[in-house]
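> sequence plus predicted model, see below.
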Amino acid sequence: MIDLALVVARLLHYAAVTTLAGVAFFPLYAYAAAEPKQLFSRRQAVLLSAAVAALVSGLLWFACSVANMSGTWASIADQEVLWTVLNETTFGSVWMARMLLAVVVLGVTAVPLFRTARAGRHLVMAVLAAMFLASLAGTGHAQIEEGWNGLVHVGSDAAHLLAAGAWLGGLLPLSFILLDYSRSDSKPIVDVDRILLRFSSMGYFAVATLIASGLVNCCFLVGSVSSLLTTPYGQILLGKIALFAAMLALAAANRFWLVPRMIDTRAGRSGEQAVWLGRLRNHVLGEQFLGLMILLAVSVLGAMRPAIGQ
């Protein structure tokens, strides 16, 4: 029961922090000009919800981790156990720093304490969200390594997390824009075609980073093809890779099939635009579902012993 609760807490936290980062990154690359006020307000509401969810799920993760380390839920109320976890474990130290950062992120999102241009606010929020997401690398298996190996593993894990956040989290504001576009009878408030192309360009970089950092992480955590195929850890990792391949297939179909067809229909060259737009929305929803399943796999893997050495 404790193990299941830990996996659920990790999943909720990964989902919240990934959403927070992706939504914060979105205006930095998606718009050619300033973000429209309507979209800004909606995105701020999502950021606030994700920040609250990240803080609450982070506290839940800590409680489940304490129970998992001690073997009983009662230890959550034991001050001596809590003190030991917070001050004598790497997880405790990283967790305290991350929760402090979570409070800062929530404060900046909910109650801006400084006046700044909207572009400056976007940048501040994106940096804070990136730090919050990348710091997850200090809570996982990367902390097992020491010396240069540890630095390389933590760096690779952080890059993997940031790329995943940019792609998975960015799908949410993209889906809002597509939904508004499908419902609008007047001229769209943004250039949807340009946003789709900009999102795809970001996706190229994210996918390349995910593949490169994923290979590095596999070297540290799996070690061999045999371990990948024969251990429970390796088999779940294979499932994660299959989900990633499915996401990549949907993204490729969007970029090289659906988006060009939408542009053609807008120019009056072929087809009905609503049909292609509906297919694109379905693909984006499919990517979001597959992304959630990947986060579930990551949550399970984080609670397991790595395949290497088994």
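Structure received.

> so which bits of the helix-or-strand element of the chain with minimal mean pLDDT are buried?
Every helix and strand in the chain was compared by mean pLDDT, DSSP states H and E; the lowest is helix 259-266, with a mean of 77. When burial is assessed from 16 or more other C-beta atoms under 10 Å, helix 259-266 yields the following buried residues: Val259, Arg261, Met262, Ile263, Thr265. Just so you know, the C-beta spots here come from the backbone N, C-alpha and C atoms, and that holds for glycine as well.

> past it, which element shows up next along the chain?
Taking DSSP states H and E as the definition, the helix or strand that follows helix 259-266 towards the C-terminus is helix 273-302.

> buried residues in that next one?
By neighbour count with 16+ other C-beta under 10 Å, helix 273-302 contains the buried residues 273, 276-277, 279-281, 283-284, 286-288, 290-302.

> same check on stretch 71-82?
Within stretch 71-82, the residues that count as buried by 16+ other C-beta under 10 Å are Ser75, Val81, Leu82.

> so which of the residues you listed is the closest to Tyr29?
Taking C-beta to C-beta as the measure, Tyr29 lies nearest Leu82 of the buried residues of stretch 71-82, at 41.8 Å.

> that closest one contacts Val66, doesn't it?
Yes - using C-beta atoms under 8 Å, Leu82 and Val66 qualify as a contacting pair, with a distance of 6.5 Å.

> which neighbours do these two share?
For the pair Leu82 and Val66, residues contacting each of them under the criterion C-beta atoms under 8 Å, 6 or more residues apart in numbering are Ser75, Ile76.

> do you know how far Cys64 is from Gly170?
Relative to Gly170, Cys64 is positioned 29 Å away (C-beta to C-beta, to the nearest Å).

> quick one: mean pLDDT for stretch 231-244?
On average, the pLDDT along stretch 231-244 is 94.

> burial count for Val207?
By the other C-beta atoms under 10 Å criterion, the neighbourhood of Val207 contains 17 residues.

> actually, Glu88.
9.

> in stretch 65-72, which residues are buried?
Buried positions in stretch 65-72, judged by neighbour count with 16+ other C-beta under 10 Å: Ser65, Val66, Ala67, Asn68, Met69, Ser70.
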